[in-house]
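>>> sequence unknown, structure follows:
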């Protein structure tokens, strides 16, 4: 695949081009800060040296100018990438290496093959694009269904009570509080049935005329932790692009106060092509490329097979 370059920067910052803004664009072009998806480990596994291309790795979207997508992305990782891109300040650019452009993002500013040579050429073209088009009078807006929010109403004492309209909790009578929910309807539905909470019905609690319930009443039916305290269990998600975790790893921790009672890890890094027959001559290399984070292990597995 030949290197493809957009004519204008999709993530330009709003502002009429001027001499001062051109200087700003040139300064950004000389210091390409990249947010790598799925992660720096995947880029390294493919033999990419970002430093040699005058690019540095950013720890967070807020510090990044370039979103660097390495290889094919799974659907879930594609959706997560849209959230990362939306958090990046303008001007921002998209560089795709060795894969199709993510469906949740605007058209890539630069796309090229997955190799160090292509990376070097793409970085040069990207620098030129940022220096010339970092600002635009009418930049393109970015929106994605994954970024849409809706308002729902939840009980402060019973988070499992969620309604689409304001009202009162059927269990305790407290007024429901508005909160924003993501576009994924299942995002806020956590099943704690396997956590040993049991069915705790607080409907018989007497709130009194003021609607106030003491913490003794609130926690009396909750399971006791090892320290004797009764607390609600919370599910806290991390990843799939979280500093300190391998790229593409989604980690969900179940917290009991400040203690971790359970952890679930799922890797979103996988082959993006459908299953197909593989010739014997190419079987070893194809299997080795199936998981970029473990090419040596998969090559050994293929040899043993």
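Received it, and whenever you're ready, just let me know what you need. Owing to the predicted nature of the structure, the values given are computational and were not obtained by experimental measurement.
>>> mind checking pLDDT for residue 135?
Looking at residue 135, its pLDDT is 91.
>>> tell me where the stretch 101-250 of the chain has strands.
Along the stretch 101-250 of the chain, counting by DSSP state E, counting those that start in this stretch, strands occupy 110-112, 135-136, 149-154, 162-163, 177-182, 233-238, 249-256.
>>> for the record, mean pLDDT for the longest one?
Predicted confidence along strand 249-256 averages 85 (mean pLDDT).
>>> which stretches in this structure count as helices?
19-30, 40-45, 75-87, 116-133, 215-219, 283-288, 295-304 (DSSP state H).
>>> need the per-residue pLDDT for residue 104.
90.
>>> quick one: low-confidence parts of the chain?
Along the chain, segments meeting pLDDT under 70 span 1-3, 149-150, 181-232, 270-276, 278, 290-293.
>>> tell me the domain ranges of it?
Domain segmentation of the chain under automatic domain parsing yields 4-136, 149-182+184-223.
>>> could you tell me the end-to-end distance of the first one?
The distance separating the two terminal residues of domain 4-136, taken as CA to CA, to the nearest Å, comes to 21 Å.
>>> which stretch among the helices of the chain comes nearest residue 5?
Proximity to residue 5 (CB to CB) singles out helix 116-133 among the helices of the chain, at 4.9 Å. C-beta here means a position set from N, CA and C on the backbone, and glycine is covered the same way.
>>> quick one: work out the angle between that closest one and helix 19-30.
In terms of direction (axes from the mean of the first three to the mean of the last three CA atoms, to 10 degrees), helix 116-133 departs from helix 19-30 by 170 degrees.
>>> and helix 116-133, what other elements does it pack with?
helix 19-30, strand 32-37, strand 93-97, strand 110-112 (3 or more CB pairs under 8 Å, 6 or more residues apart in numbering; DSSP states H and E).
>>> any idea how far that helix is from the chain center?
25 Å (CA atoms, centre = their mean, to the nearest Å).
>>> from residue 174, how far off is residue 59?
Separation of residue 59 from residue 174 (CB to CB, to the nearest Å): 41 Å.
>>> find the centremost residue of the protein, please.
residue 80 (3.4 Å; CA atoms, centre = their mean).
>>> quick one: residues contacting the residue nearest to that residue when sequence neighbours are not counted.
Among residues not flanking residue 80 along the chain, residue 240 sits closest, at 5.2 Å (CB to CB, 6 or more residues apart in numbering). Residues in contact with residue 240 (CB atoms under 8 Å, 6 or more residues apart in numbering) are 38, 76-77, 80, 247-250, 268.
>>> likewise for residue 47?
Residue 47 is in contact with 115-116, counting by CB under 8 Å, 6+ apart.
>>> that one and residue 126: what is the separation?
Relative to residue 126, residue 47 is positioned 19 Å away (criterion: CB to CB).
>>> cool, residue 102 as well?
For residue 102, the distance to residue 126 - CB to CB - is 17 Å.
>>> I'm done for today, thanks for sticking with me.
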